[in-house]
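S.K.: quick one, fold the following:
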Amino acid sequence: MRFINPKTDIAFKKIFGSEQSKDILISFLNSMLYDGQPIIEDLEILNPYLAPRIRGVKETYLDIKAKITGNKTAIVEMQVLNVEGFEKRILYNAAKSYSIQLQAGEDYKLLNPVIALTIVDFKMFADFDKVISHFVLKEKDYLVDYLSYDLELVFVELPKFTKELEQLETLTDKWLYFMKSGRNLQTVPETMSAVPEIEQAFAIASQANLSREELEELEQREMFIHDQRNAILKAVSTAVNDNKREIAKQLLNLLDEEAIAKTTGLSLEEVQKLKQQ
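M.R.: The predicted model follows:
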């Protein structure tokens, strides 16, 4: 059995945002937002999955938007590329979802809380090791809440989750493992199939249950992500090499060629070419 990659935004929305995904999304949101406690009892998916999407289109649309218990709005997004301005976009989308609840002239008391849940396939916050982080508005010195979490940003950093299959204990552990490593499994492990919603998620994620159009769309999206990652790596590598060459040029009249190569990390041949220029 082969499973699609839930970290791909299109696959993520199919698994968690389809018409039949209500119970799956409830379980997933409870695990990510409330430590697995059954706080969310019901929800309405406001933008259900439609397939196939226009090929190659997705940089700013929300993967899933749902109305959850407590009249809260949850906006959920899967992000695999750490692109410039990403953090501001998350805040913008959350603030926009909060503000558009009102029509002109309506009372501000009608505003309901918004939670922006973002799952990322890269590390965002180097200052702490926790996988799931919650950001809310607080008074700077006394840390008093402002408007009781009316605007909450929750981030899930998948690379920080390092538990193996045999170490999974909580519902949160199992959903995190599904997100990070589910596509690499050949069968559904017993410890995960014990959770009906996770077993259902695996069923939706099975390639055998996808149309040819959906599989082609997913393949195109995976290729796009792969190309974008390579472009980012190349840009970083080019910048680093350019910096090394600039340092080497400044050392040409101070050190011998071997010392410059050792200092900068450039090859001896590269240093010799710089000297000839």
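
S.K.: any low-confidence regions in this structure?
M.R.: By pLDDT under 70, the low-scoring segments of the chain are 51-62, 229, 232-233, 235-236.

S.K.: what sits against the residue sitting nearest the centre point of it?
M.R.: When CA atoms, centre = their mean is applied to the chain, the residue found nearest the centroid is Val120 (2.1 Å). If you count contacts by CB atoms under 8 Å, 6 or more residues apart in numbering, Val120 has them with Gln79, Val80, Asn82, Phe155, Val156, Glu157, Leu158. In short, each C-beta sits where N, CA and C put it, glycine included.

S.K.: in this structure Lys174 contacts Ser193, no?
M.R.: No. The pair formed by Lys174 and Ser193 falls short of the contact definition of CB atoms under 8 Å, at 10.0 Å.

S.K.: neighbour count winner among the two?
M.R.: Counted by other CB atoms under 10 Å, Lys174 and Ser193 do not tie: Lys174 has more neighbours, with 24 against 13.

S.K.: Ile24 is in contact with Phe202, isn't it?
M.R.: No. Between Ile24 and Phe202 there is no contact under CB under 8 Å: 10.1 Å.

S.K.: residues of the helix or strand harbouring Met192 that come out buried?
M.R.: Taking DSSP states H and E as the definition, one finds Met192 inside helix 190-193. For helix 190-193, the neighbour count (16 or more other CB atoms under 10 Å) marks Met192 as buried.

S.K.: state the next helix or strand along the chain beyond it.
M.R.: Next along from helix 190-193, by DSSP H and E: helix 196-205.

S.K.: tell me what the following helix or strand past that following helix is packed against?
M.R.: Where DSSP H and E defines the elements, the next helix or strand beyond helix 196-205 is helix 212-251. Counting contacts by 3 or more CB pairs under 8 Å, 6 or more residues apart in numbering; DSSP states H and E, helix 212-251 is packed against helix 9-17, helix 257-264, helix 268-276.

S.K.: could you give the angle of helix 212-251 to helix 257-264?
M.R.: On the basis of axes from the mean of the first three to the mean of the last three CA atoms, to 10 degrees, helix 212-251 is oriented at 130 degrees to helix 257-264.

S.K.: residues of helix 212-251 that come out buried?
M.R.: Result for helix 212-251 [16+ other CB under 10 Å]: buried residues Glu214, Glu217, Leu218, Arg221, Glu222, Ile225, Lys244, Arg245, Ala248, Leu251.

S.K.: for those residues, which one is nearest Phe128?
M.R.: Closest approach to Phe128 among the buried residues of helix 212-251 (CB to CB): Ile225, at 26.7 Å.

S.K.: which ones are touching the closest residue to the closest one other than its chain neighbours?
M.R.: Closest residue in space to Ile225, ignoring its immediate chain neighbours: Val80 at 5.6 Å, by CB to CB, 6 or more residues apart in numbering. Contacts of Val80 were listed using CB under 8 Å, 6+ apart, and they are Lys7, Thr8, Asp9, Val120, Asp121, Phe122, Ile225.

S.K.: before we move on, what SS does Leu91 have?
M.R.: What DSSP: H, G, I helix; E, B strand; the rest coil gives for Leu91 is helix.

S.K.: make sure Glu217 is actually in contact with Ala11.
M.R.: No. Between Glu217 and Ala11 there is no contact under CB under 8 Å: 9.5 Å.

S.K.: quick check on Leu43: phi, psi?
M.R.: Main-chain dihedrals, Leu43, degrees, to the nearest 10: phi -160, psi 170.

S.K.: so what's it bridging to?
M.R.: Ile68 (DSSP bridges).

S.K.: how many residues are close by the residue lying closest to Ile45 once chain neighbours are set aside?
M.R.: Spatial nearest neighbour of Ile45, excluding adjacent residues (CB to CB, 6+ apart): Ala66 at 5.0 Å. Counted with other CB under 10 Å, residues neighbouring Ala66 total 24.

S.K.: this completes my enquiry, with thanks.
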